[in-house]
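In: dropping a prediction and its sequence here:
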There are 2 protein chains.
Amino acid sequence: MARPRSDAARTTMIDTARSIIVRDGVHQCTVDEVARRSGIAKTTIYRHFGGSDALVLAALDGMVKAMEPPDTGSLRGDLWEIQRRYLRVADDPRLRELYAWMLHRSMQDPVFAADFRAVRVQPKGSTVVALQRAIARSEVPPTIDIELAMHLIQGPFASKRIFENERLDDDEFDTLIDAIVAAVRALP
Amino acid sequence: MARPRSDAARTTMIDTARSIIVRDGVHQCTVDEVARRSGIAKTTIYRHFGGSDALVLAALDGMVKAMEPPDTGSLRGDLWEIQRRYLRVADDPRLRELYAWMLHRSMQDPVFAADFRAVRVQPKGSTVVALQRAIARSEVPPTIDIELAMHLIQGPFASKRIFENERLDDDEFDTLIDAIVAAVRALP
DNA sequence: TCAATTCGCAACGTGAAGTAGCGAAATGAC
DNA sequence: GTCATTTCGCTACTTCACGTTGCGAATTGA
């Protein structure tokens, strides 16, 4: 009907937001700051995104590189690899901060929670594939609740690394993997 | 040397903060709001606590009733009871919000993280006692890393209930408890 | 009694959220 | 090509919370 919204402006905003998030953390990623650095007017940002939440989510979307699930031939091997990668990512304080911020916003706002879910970084997909392969190999019963198994797998790592903010050394990591594999096998 | 700080004022601030947290959630618990509701001057609040973080932590301290560890005679029974109570508490959205807020603030500020640690609501103490009893009964090896076992136990519940914000039905709960007990027994 | 400190009050500065009005530029419809 | 419509960038504004400062009055230890 009339002048369309500028794609170039949208791209610039997202790129600016992204670089702020990566360089300085999500807390610096305010509408004012994006406007200042990008040269784009605040009003334009509000027209495009309606607020910093949607802007951050748009910036995050696409940064999330889906992990191709490893295939080592055993559930233990696959989970070892998946969680190893997960912990490497979680070593970045900005990412832990980002995760905590998203959890925080999700608790305040169900709409944000739903959007967050769509964009989230998670080893979830890989873990599902690893579990399906383990079922195909008859390594675990085909009747298990895969979603529950996922929490059984990633919960202990998240608890120690995110909630408690403690690193895991190699021994702890292996011990946890072994115990978790035993737990998954014990699932009905 | 001179006039001491008013204990009455301090108590009033803490009580006001507490009631705001319980009634409206931690987000409404700002210095301005506490001042408005309590009739105490903002400056006085800053003199006493230096900011809303310390005020909230002070308000929380004392609300946390330590849970007396259940003693059912088996690790499974103890963990069942402990996690059941934990989930009942986590059913309150204001508490999940509070937890997310604390995690969020902890990521930003190591000092807050340390203070948070001292005040935190957690079934940690009970779980440690349950594990020690299980060791005494030779239900699990005496060599296990108790802290790691704790994450193995509470991680899956936290992952599903806090991170994912999903409730657990009775079947899921029992399944998870069984799998976790198997995992703890598999610890070296 | 007196010096020191607190309390309550009012005002101020900062920073971010979000909104409003305006001129200029761009674009779809005709 | 013309024109109505919408966007864009700008400036300015309101609101809210944080945190600070200065001041008179009240309180208390020495």
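Out: Okay, I see it.
In: hmm, the helix-or-strand element of chain A with minimal mean pLDDT in reach of chain B?
Out: Least confident helix or strand of chain A, by mean pLDDT, DSSP states H and E, is helix A:110-119 with a mean of 87. Yes: Helix A:110-119 comes into contact with chain B (Cβ under 8 Å from any Cβ of the partner chain), by way of A:Ala113. Any C-beta I mention is one placed from the backbone N, CA and C, and that applies to glycine too.
In: any idea how far that helix is from the middle of the chain?
Out: 12 Å (Cα atoms, centre = their mean, to the nearest Å).
In: residues of chain A that sit close to DNA strand D?
Out: Neighbours of DNA strand D within chain A, by Cβ under 7 Å from any atom of the strand: A:1-6, A:9-10, A:39-44, A:47-48.
In: where does the prediction get shaky in chain A?
Out: Scanning chain A for pLDDT under 70 picks out A:1, A:121-124.
In: helices of that one, start to end?
Out: Listed in chain order, the helices of chain A (DSSP state H) span residues A:7-24, A:31-38, A:42-49, A:52-60, A:75-90, A:93-108, A:110-119, A:124-136, A:146-158, A:170-185.
In: can I get those in CSV with mean neighbour count and distance to DNA strand C?
Out: Shown next, in CSV, are the helices of chain A (neighbours: other Cβ atoms under 10 Å in any protein chain shown; distance: least, Cβ to the nearest atom of the strand, whole Å):
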stretch, mean neighbour count, distance to DNA strand C
helix A:7-24, 17, 9
helix A:31-38, 17, 4
helix A:42-49, 16, 4
helix A:52-60, 21, 4
helix A:75-90, 19, 25
helix A:93-108, 20, 11
helix A:110-119, 14, 11
helix A:124-136, 18, 29
helix A:146-158, 23, 27
helix A:170-185, 19, 38
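In: for B:Gly62, which of those is the nearest?
Out: Closest approach to B:Gly62 among those (Cβ to Cβ): helix A:93-108, 23.5 Å.
In: quick check, the closest one touching chain B?
Out: Yes: residues of helix A:93-108 contacting chain B under Cβ under 8 Å from any Cβ: A:Pro93, A:Arg96, A:Glu97, A:Ala100, A:Trp101, A:Leu103, A:His104, A:Ser106, A:Met107, A:Gln108.
In: and for stretch A:11-30?
Out: Yes: using Cβ under 8 Å from any Cβ, stretch A:11-30 comes into contact with chain B via A:His27.
In: please tell me how far the residue nearest to A:Glu68 when sequence neighbours are not counted sits from A:Ile144.
Out: Once flanking residues are discounted, A:Glu68 sits nearest to A:Ser126: 7.8 Å by Cβ to Cβ, 6 or more residues apart in numbering or on different chains. A:Ser126 is 17 Å from A:Ile144, where distance means Cβ to Cβ, to the nearest Å.
In: among the residues of chain A next to DNA strand D, which pair sits farthest apart?
Out: Based on Cβ to Cβ, the longest span within these runs between A:Met1 and A:Gly39 and measures 27.4 Å.
In: neighbour count winner among these two?
Out: A count of neighbours by other Cβ atoms under 10 Å in any protein chain shown puts A:Gly39 above the other of A:Met1 and A:Gly39, at 9 against 3.
In: for that one, what are phi and psi?
Out: When read as degrees, to the nearest 10, the backbone of A:Gly39 gives phi 80, psi 0.
In: which ones are touching it?
Out: Contact partners of A:Gly39, counting by Cβ atoms under 8 Å, 6 or more residues apart in numbering or on different chains, are A:Thr12.
In: could you redo the last one with a cut-off of 10 Å?
Out: By Cβ atoms under 10 Å, 6 or more residues apart in numbering or on different chains, the contact list for A:Gly39 reads A:Ala9, A:Thr12, A:Thr16.
In: need these in JSON lines with distance to B:Ala149, can you?
Out: JSON lines is the format used below for these (distance: Cβ to Cβ, whole Å):
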{"residue": "A:Ala9", "distance to B:Ala149": "53"}
{"residue": "A:Thr12", "distance to B:Ala149": "50"}
{"residue": "A:Thr16", "distance to B:Ala149": "46"}
